[in-house]
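3D model of this:
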Amino acid sequence: MSFLADVQTRAAASVRRIVFPESADERTRAAVRELARRKIVEPIVVLDRSAPASVDAVRALGVAVRDPADDPLASSAAEDLFVRRRRKGLTKEQATDLLHTPLFFADALVAAGEADGCVAGAVHTTGDVLRAALWMVGPARGVQTVSSSFYMVVPPFR
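A predicted model of the protein is given here:
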């Protein structure tokens with residue numbers, strides 16, 4: 001069994017709610033479509049109001065969709081973020097602005113227990129993805145070092 005097939009089989013055996021914040025990217029929408037079709041994850045897609053042309057395409061996926069522009073979680077998560085980060089200089093306005101971005105809102109869904117994980121990095125840098133995750137979710141209690149990984153599966157060279 002290939003690496004990718006093994007990961008997909010294990011994921012499908014214990015379906016999780018995974019949030020996808022990069023909905024303006026067609027690659028993300030294609031992945032969500034396929035993951036939902038194969039019942040590998042229960043996708044939650046976050047609308048990106050900075051890319052209005054993608055909104056109809058996201059809604060056409062037929063999966064759960066959340067909009068940080070009008071979701072009540074955004075304001076409560078912004079308040080929580082402000083309280084945690086104000087000593088570092090984050091203002092209430094900055095926290096609110098961040099929670100209206102798909103990436104931070106997606107991690108707020110994870111922090112609130114409304115999603116089991118977040119997949120990002122198609123359009124955001126690793127630093128942006130990790131920053132949002134650390135600020136919104138944080139490491140598990142007692143964990144002081146975090147790391148990330150990137151897997152690229154390509155067809156064999158011939």
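
in the lowest-mean-pLDDT helix or strand in the chain, what's buried?
Ranked by mean pLDDT, DSSP states H and E, the weakest helix or strand in the chain is helix 3-13, scoring a mean of 88. By 16 or more other CB atoms under 10 Å, the buried positions in helix 3-13 come out as Q8, A11. Where you see a C-beta, it was placed from the backbone N, CA and C, and this is true even at glycine.

now the helix or strand just after it: buried residues?
Using DSSP states H and E, the next helix or strand after helix 3-13 towards the C-terminus is strand 17-20. Within strand 17-20, the residues scored as buried using 16+ other CB under 10 Å are R17, I18, V19, F20.

equivalent analysis for stretch 72-86, please.
Buried residues in stretch 72-86 (16+ other CB under 10 Å): L73, A74, A77, A78, D80, L81, F82.

let's see the pLDDT reported for the third one.
Looking back up the chat, that one is A77. Per-residue pLDDT puts A77 at 98.

cool, the first one as well?
At L73 the predicted local distance difference test score is 97.

would you confirm that it contacts L109?
Yes. Counting by CB atoms under 8 Å, L73 touches L109, with 6.9 Å between them.

mutual contacts of the two, please.
Residues touching both L73 and L109 (CB atoms under 8 Å, 6 or more residues apart in numbering) are R66.

okay, the least confident helix or strand of the chain in CSV with CA atoms only?
Below are the C-alpha coordinates for helix 3-13, written out as CSV (Å, rounded to 0.1, in the frame of the first residue of the first chain):
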residue,chain,number,x,y,z
PHE,A,3,2.0,6.1,1.7
LEU,A,4,-1.0,8.2,0.5
ALA,A,5,-3.4,5.2,0.3
ASP,A,6,-2.4,4.2,3.9
VAL,A,7,-3.1,7.7,5.2
GLN,A,8,-6.5,7.8,3.4
THR,A,9,-7.5,4.4,4.7
ARG,A,10,-6.6,5.3,8.3
ALA,A,11,-8.4,8.7,8.0
ALA,A,12,-11.6,7.0,6.6
ALA,A,13,-11.6,4.5,9.5
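
ok, so of the buried residues of strand 17-20, who is nearest L98?
Comparing the buried residues of strand 17-20 against L98 with CB to CB places V19 closest, at 15.7 Å.

quick one, what contacts the closest one?
Listed by CB under 8 Å, 6+ apart, the contact set of V19 reads P43, I44, V45, V46, R66, A106, L109, V110, A115, G117, C118, V119.
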